[in-house]
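> Fold the following.
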Amino acid sequence: MSWIKNRPLKIVLRIQLLVTLIAASVFWIMTDLHGGISALLGGMISVITTAAYAVMVSQHSGFTASAALRTALRAEAVKIILTIGFLWVVFKYYESVNAFVFIGTFMLIVLIYSFALLIADDTKSKIR
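Predicted structure coming up:
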């Protein structure tokens, strides 16, 4: 993940991926193969969209507040569009989706994204 320079986002992505794999394993054991796949798909949608957001934010090189805000808003827009697209694709093409498991895992992984605010970014920034 060297293309992601933001330490909190790197940590959150790793946690999201780990929780997704755990949820997929648990639901596979508790329900069936389709429950595990549904959990995996639900979690991976959030992981992929968070990674896209993190890459876009990491490529930001401006030093003004307005440039940083524009970058964050663009990245958030891309994340929302990708999320809607992926959700539509799963419901359209995966007939055996367990909707409860899929949406539940998706929501859990999205909530983990908010933990990025709690992780300190200890990189030192240069003031120019």
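> any idea which helix or strand carries residue 9?
Taking DSSP states H and E as the criterion, residue 9 maps to helix 7-30.
> For that helix, which helices and strands make contact with it?
Packing contacts for helix 7-30, counted by 3 or more Cβ pairs under 8 Å, 6 or more residues apart in numbering; DSSP states H and E, involve helix 33-58, helix 99-113. Placement of C-beta: from N, CA and C, glycine included.
> my read: residue 48 touches residue 87, true?
No: Residue 48 lies out of contact with residue 87 (Cβ atoms under 8 Å); the separation is 11.8 Å.
> in whichever helix in the chain runs longest, what counts as buried?
Longest helix in the chain by number of residues (criterion: DSSP state H): helix 65-93. Of all the residues in helix 65-93, those buried under the rule 16 or more other Cβ atoms under 10 Å are 71, 75, 79, 82, 83, 86, 87, 90.
> one step back: could you dump the helices and strands packed on helix 7-30 to JSON lines with mean neighbour count?
Shown next, in JSON lines, are those (neighbours: other Cβ atoms under 10 Å):
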{"stretch": "helix 33-58", "mean neighbour count": "21"}
{"stretch": "helix 99-113", "mean neighbour count": "19"}
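> No further questions, thank you.
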